[in-house]
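A.B. asks: sequence first, predicted model second:
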There are 2 protein chains.
Amino acid sequence: MTTPLRLGIAGLGTVGVGVIKILHQKANLLAERTGRPIEIVAVSARSKGKDRGVSLDGYAWEDDPVALAKRDDIDVFVELMGGDSGPAKDATEAALASGKDVVTANKALLAHHGQNLAEIAEASNHVIRFEAAVAGGIPVIKALTEGLAGNDITRVMGVMNGTCNYILTRMENAGLTYEEAFAEADGLGYLEADPNLDVGGIDAGHKLALLAAIAYGTQPDFDAVELEGIGSITIEDIRQAADMGYKIKLLGVAQMTGRGLEQRMSPCLVPATSPLGQLEGGTNMVVLEGDHVGQIVLRGAGAGEGPTASAVLGDIMDIARGIRISTFGQPAAGLTKARAARAAIAAPYYLRMELHDKPGALAKIATQLGEAGISIDRMRQYGHNAGAAPVLIVTHKTTRNAVEDALKGFDRTGVVATKPVVIRIETVE
Amino acid sequence: MTTPLRLGIAGLGTVGVGVIKILHQKANLLAERTGRPIEIVAVSARSKGKDRGVSLDGYAWEDDPVALAKRDDIDVFVELMGGDSGPAKDATEAALASGKDVVTANKALLAHHGQNLAEIAEASNHVIRFEAAVAGGIPVIKALTEGLAGNDITRVMGVMNGTCNYILTRMENAGLTYEEAFAEADGLGYLEADPNLDVGGIDAGHKLALLAAIAYGTQPDFDAVELEGIGSITIEDIRQAADMGYKIKLLGVAQMTGRGLEQRMSPCLVPATSPLGQLEGGTNMVVLEGDHVGQIVLRGAGAGEGPTASAVLGDIMDIARGIRISTFGQPAAGLTKARAARAAIAAPYYLRMELHDKPGALAKIATQLGEAGISIDRMRQYGHNAGAAPVLIVTHKTTRNAVEDALKGFDRTGVVATKPVVIRIETVE
């Protein structure tokens, strides 16, 4: 056996404790697989005295994660604190500056500062691995960076926030309103302290920015992700979508276009029979499309102690095995700064609104669509509320800009009673 | 740039040509990602003059793959000839003996000789990579060996022969008989020269043996795989299964039990709503279950030029990046020789047969099941053929041995008109 790989773990929440448990349980198995013992040397967390259900005997304690990161007796700094700045960032920088490799589950940190951190790491030949930052236990970073490395990636898609998918699934299957499903998820402890990280699409947007950087050889650019949360989705939309053979998902899509890199995290309609459409509850799914490999679908738990700790262990074992890969799959210096393309890719759209119950109202809407250059695939008026007629339109492929033009035209007609709901239909098998 | 990684490619069929095309198209991208140019130095195939639609200019030609494998000017021997013995085996051994790494798509070779080849490779610190051997473009070897390395694997399952899944899907969706669907697949060129490799489960069995070796740290042991093909599946079974919410798949399952390693490749009923049940056509799916990660599902094309070449490139790029992993995920010397467990794991079973239309026939069958210790979940007699009554039984969990006992008992009753169809129901979400 060669010398042990020595870890310093900062952050002893669910995931940190999960990692320690695995290292306690199966030290021998891990050493057989990597050819090298893996040992925890030191840990750091906010509260030293807290009972975490796992023994910390034999590990040095550091109150300050930066001090942990700088210790001479660790090889790998395992950052499980979270946060896109503050201690997590300081400690990660300190670890890299003092010659450590870094394993992290911190999507926010890397989505905001990934380029800079990758440059720092690579300047001293150290690595940053972050499998646990995206889609929990699913080894998607590895699949994309290594397994599909021979491909030009043509599209990356993902349902990567289990809480949002849980809420949407409950609305569909139990007929709950958004507010009811949200409250249920909250009661189950599924929501972040700031729920907008989940339902606003921010958490999933962080993950998408990391996947896009690897897929397209670009600097991670979270600020360029078009974000739209699930808060405006109604049961009515879910039902109408289902009637037409679709499900509504908070879907991330990253695609390189002739006009730049498009990154979207927004509710989308996807065919009910597609793997994305069939995904229920808190499970995550990532779809990778490459020019040679075609479509690869990866599905699994996107959060939780076991799955996330599994991903952290995978990264640690890679390092123990001597696997050293550039943070985003190629040297950080070579990552291009992509121009952000917004709404460059055409798609069919789902539109739902209520019209004042006046003669010719529907014709006026149809006319506005025509003037915006949008052709209609399906259009129907259904039921009647008091004085207002609900109308559903599915367009043929068009651009978001054309849809915005049409919406302005709708306003001018004076027949639209409610703000139209607009949801993109993502074409996917 | 460091020195190039030099390849010798043996076998210029669909996959070999696909690999050459990718290396022609995107040499720069691959070098950016790996930090190292990847170059083809020499090739070998049966017929030198054949037009393969790709230029071989600048590559040395070897008629003899063994001579190619021994060349001093290659670093990696890429074996894409196929066959579990003969030239593929000779050339692979020659490559390892002369200090080359090996990338192969040859499942049969590794399923039969993997242990010996891994020992030879590791004795001289060389690697054998075989992502393309299992499930085509899906990076499942990588996911299992590296991504999930922190887990004890509790079950590996896979639909890994696209031709069989195509045949079963066509029977279900188009109402074709097995013979009709087989003829259709044959006409489309989906079948191996020896169709029993496909429909007899042998090809998929090879793949299962490789996954099991990695999952459980055991020597690959294809001879211990219980094989049962799809030739006896009828439309009637597919319809009855569908009525009860199941699909029939040629499913591989590997599990470590208290009595040894169980490896089965056989038709199984799986819930229609599970990812396995939803898999249609020629697509492959592998389900990996680990003690921490839970269930990971991987789906993609299991064959074809692009997907298989993508997997070969992934392995080549790993080697270019300096990734060096033991063939089956831990040193070959440490792989245990598993005891083969047959039918150790209990499951519900689906039984279908026709009974002579005599009073008490059904009761006699039920009695035999009871005497074999099998309790009945569902039992029904449906329709009536001339003089014979079709009967369908779904048991509660029982062992294959108990089912065999019951079948012997059925024989003694004299009321069974046809050989009972017996299909295991795999419990999976």
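C.D. replies: It's in.
A.B. asks: right, and residue A:401 touches residue A:343 too?
C.D. replies: Yes - using CB atoms under 8 Å, residue A:401 is in contact with residue A:343, at 5.9 Å. C-beta: built from backbone N, CA, C; applies to glycine.
A.B. asks: run through chain A and note the low-pLDDT ranges.
C.D. replies: Along chain A, segments meeting pLDDT under 70 span A:1, A:385.
A.B. asks: show me the domain layout of it.
C.D. replies: Taking automatic domain parsing as the reference, chain A has its domains at A:5-133, A:140-301, A:349-425.
A.B. asks: which one's more surrounded, residue A:401 and residue A:343?
C.D. replies: residue A:343 (18 against 14; other CB atoms under 10 Å in any protein chain shown).
A.B. asks: wait, a helix at that one?
C.D. replies: No - counting by DSSP: H, G, I helix; E, B strand; the rest coil, residue A:343 falls outside a helix, being coil.
A.B. asks: which residue packs closest to it, ignoring adjacent ones?
C.D. replies: residue A:400 (3.4 Å; CB to CB, 6 or more residues apart in numbering or on different chains).
A.B. asks: next: residue A:399.
C.D. replies: Per CB to CB, 6+ apart, closest to residue A:399 is residue A:346, 5.3 Å.
A.B. asks: look up how far chain B lies from that neighbour.
C.D. replies: 26 Å (CB to the nearest CB, to the nearest Å).
A.B. asks: test my guess that that residue contacts residue A:396.
C.D. replies: No - look at residue A:346 against residue A:396 with CB under 8 Å: they stay out of range, at 9.1 Å.
A.B. asks: which of the domains of chain A is buried the deepest?
C.D. replies: Ranked by mean neighbour count under mean count of other CB atoms under 10 Å in any protein chain shown, those are led by domain A:140-301, which reaches a mean of 21.
A.B. asks: that one near chain B at all?
C.D. replies: Yes - using CB under 8 Å from any CB of the partner chain, domain A:140-301 reaches chain B at A:142-143, A:146-152, A:217, A:275, A:278, A:290-301.
A.B. asks: and the residue of the stretch 301-429 of chain A closest to chain B?
C.D. replies: residue A:313 (2.7 Å; CB to the nearest CB).
A.B. asks: doesn't that residue fall inside a helix?
C.D. replies: Yes - under three-state DSSP, residue A:313 falls within a helix.
A.B. asks: all strands of the stretch 301-429 of chain A, in order?
C.D. replies: Using DSSP state E, counting those that start in this stretch, the strands assigned to the stretch 301-429 of chain A run over residues A:349-356, A:376-381, A:388-395, A:421-425.
A.B. asks: sorry, that was for the stretch 101-250 of chain A
C.D. replies: Counting by DSSP E, counting those that start in this stretch, the strands of the stretch 101-250 of chain A are A:101-104, A:128-129, A:153-159, A:226-227, A:246-257.
A.B. asks: now the last one: how far from the chain's centre is it?
C.D. replies: Same thing as strand A:246-257. Here strand A:246-257 is found 11 Å from its chain centre; the criterion is CA atoms, centre = their mean, to the nearest Å.
A.B. asks: and what of the second one?
C.D. replies: Between the centre of strand A:128-129 and the centre of its host chain there is 18 Å, according to CA atoms, centre = their mean.
A.B. asks: do any residues in that strand lie close to chain B?
C.D. replies: No - under the criterion of CB under 8 Å from any CB, strand A:128-129 makes no contact with chain B; the nearest approach is 11.1 Å.
A.B. asks: who touches that strand?
C.D. replies: Strand A:128-129 has contacts (CB atoms under 8 Å, 6 or more residues apart in numbering or on different chains) with A:92, A:96, A:101-104, A:110, A:117-118, A:121, A:141, A:315, A:318-319, A:325, A:327.
A.B. asks: packing partners of the helix or strand where residue A:265 lies?
C.D. replies: Element membership for residue A:265, per DSSP states H and E: strand A:260-271. With contacts taken as 3 or more CB pairs under 8 Å, 6 or more residues apart in numbering or on different chains; DSSP states H and E, strand A:260-271 sits against helix A:202-216, strand A:226-227, strand A:246-257, strand A:421-425.
A.B. asks: chain center to it: distance?
C.D. replies: 12 Å.
A.B. asks: which helix or strand lies directly C-terminal to it?
C.D. replies: Next element after strand A:260-271 (DSSP H and E): strand A:283-290.
A.B. asks: any idea how far residue A:388 is from the residue of chain A positioned farthest from its centre?
C.D. replies: Going by CA atoms, centre = their mean, the residue of chain A most distant from its centre is residue A:359, 45.7 Å out. According to CB to CB, to the nearest Å, residue A:359 and residue A:388 sit 14 Å apart.
A.B. asks: and what of residue A:155?
C.D. replies: Distance from residue A:155 to residue A:388, by CB to CB: 38 Å.
A.B. asks: now residue A:140
C.D. replies: 45 Å.
A.B. asks: dump stretch A:306-322 to PDB, keeping only the CA atoms.
C.D. replies: The C-alpha coordinates for stretch A:306-322 follow below in PDB (Å, rounded to 0.1, in the frame of the first residue of the first chain):
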ATOM      1  CA  GLY A 306     -26.400   8.900   0.800                       C
ATOM      2  CA  PRO A 307     -26.500  10.000  -2.900                       C
ATOM      3  CA  THR A 308     -24.600  13.200  -2.300                       C
ATOM      4  CA  ALA A 309     -22.000  11.500  -0.100                       C
ATOM      5  CA  SER A 310     -21.600   8.900  -2.800                       C
ATOM      6  CA  ALA A 311     -20.700  11.600  -5.300                       C
ATOM      7  CA  VAL A 312     -18.200  13.200  -2.900                       C
ATOM      8  CA  LEU A 313     -16.600   9.800  -2.400                       C
ATOM      9  CA  GLY A 314     -16.400   9.200  -6.100                       C
ATOM     10  CA  ASP A 315     -14.400  12.400  -6.400                       C
ATOM     11  CA  ILE A 316     -12.100  11.600  -3.500                       C
ATOM     12  CA  MET A 317     -11.500   8.100  -4.900                       C
ATOM     13  CA  ASP A 318     -10.600   9.600  -8.300                       C
ATOM     14  CA  ILE A 319      -8.000  11.600  -6.600                       C
ATOM     15  CA  ALA A 320      -6.700   8.600  -4.700                       C
ATOM     16  CA  ARG A 321      -6.400   6.800  -8.000                       C
ATOM     17  CA  GLY A 322      -4.400   9.600  -9.500                       C
END
